[in-house]
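Novice: sequence and predicted structure, then a few things I'm wondering about:
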Amino acid sequence: MLRGQRAQGIVEFAVVLPLFLLLSMGVIYFGMAFSDYLTMSNTVRSVAHEASLKSTDDDYKTIIRNATSGITMVSDIYVWQPDSKNGNNNDFLSVTYDADRHNVVVRAQAKLSKDSAIANAVNNMLGNSIGDAMSITYTMYTDRK
């Protein structure tokens, strides 16, 4: 093996390594964000389903407390803090009715964490195009009048 060929391999490795690391971090970031989305989506769907079967507002509070206690996000990319202690509606999770009171509407919103280095880096690279929040809304029919 010639001496120049070994140096060529090192230079190629030095050029490819940053691109590989960037791609790897992108896959990891997407996986964590998708995991957070699935956690929120499953919790909101569960709350909507249970709330459509119950009849009083106290039942809704119990459902929110039970469904959200112990729920944590996988990463620090999003902040989602429903009222797991009291079960009240807040900016992160709310249970309401539509105008006819035939459907229960559950809305969840997770805000982009300003403390997350990964979220800030990706948001800056994309020109603030990933937005400030992730929102999920489920509507389920209920026969409550």
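Specialist: Thanks, I have the structure now.
Novice: CA only for contacts and neighbour counts going forward, please
Specialist: OK.
Novice: least confident secondary structure element in this structure?
Specialist: helix 117-125 (a mean of 74; mean pLDDT, DSSP states H and E).
Novice: continuing past that helix, what's the next helix or strand?
Specialist: strand 133-141 (DSSP states H and E).
Novice: and that next one, C-alpha only, in PDB?
Specialist: Output of strand 133-141 as PDB, limited to C-alpha atoms (Å, rounded to 0.1, in the frame of the first residue of the first chain):
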ATOM      1  CA  ALA A 133     -46.400  23.400  19.300                       C
ATOM      2  CA  MET A 134     -47.700  20.000  18.400                       C
ATOM      3  CA  SER A 135     -51.500  19.800  18.600                       C
ATOM      4  CA  ILE A 136     -53.900  16.800  18.600                       C
ATOM      5  CA  THR A 137     -57.700  16.800  18.600                       C
ATOM      6  CA  TYR A 138     -60.000  13.800  19.100                       C
ATOM      7  CA  THR A 139     -63.800  14.000  18.700                       C
ATOM      8  CA  MET A 140     -65.900  11.100  19.900                       C
ATOM      9  CA  TYR A 141     -69.700  10.700  19.900                       C
END
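Novice: so in that sheet, which strands flank that strand, and in what orientation?
Specialist: Applying DSSP bridges to the sheet, strand 133-141 is found paired with strand 103-112 (antiparallel).
Novice: list the buried residues of the strand it pairs with.
Specialist: 103-112 (16 or more other CA atoms under 10 Å).
Novice: relative to helix 117-125, how tilted is it?
Specialist: Relative orientation of strand 103-112 and helix 117-125, computed by axes from the mean of the first three to the mean of the last three CA atoms, to 10 degrees: 90 degrees.
Novice: who's in contact with strand 103-112?
Specialist: Contacts to strand 103-112, defined as CA atoms under 8 Å, 6 or more residues apart in numbering, come from residues 40, 44, 47-48, 51-52, 77-81, 91-98, 119, 131-143.
Novice: quick one: contacts for residue 118?
Specialist: Applying CA under 8 Å, 6+ apart, we find residue 118 in contact with 29, 77.
Novice: so it versus residue 26, what's the distance?
Specialist: 10 Å (CA to CA, to the nearest Å).
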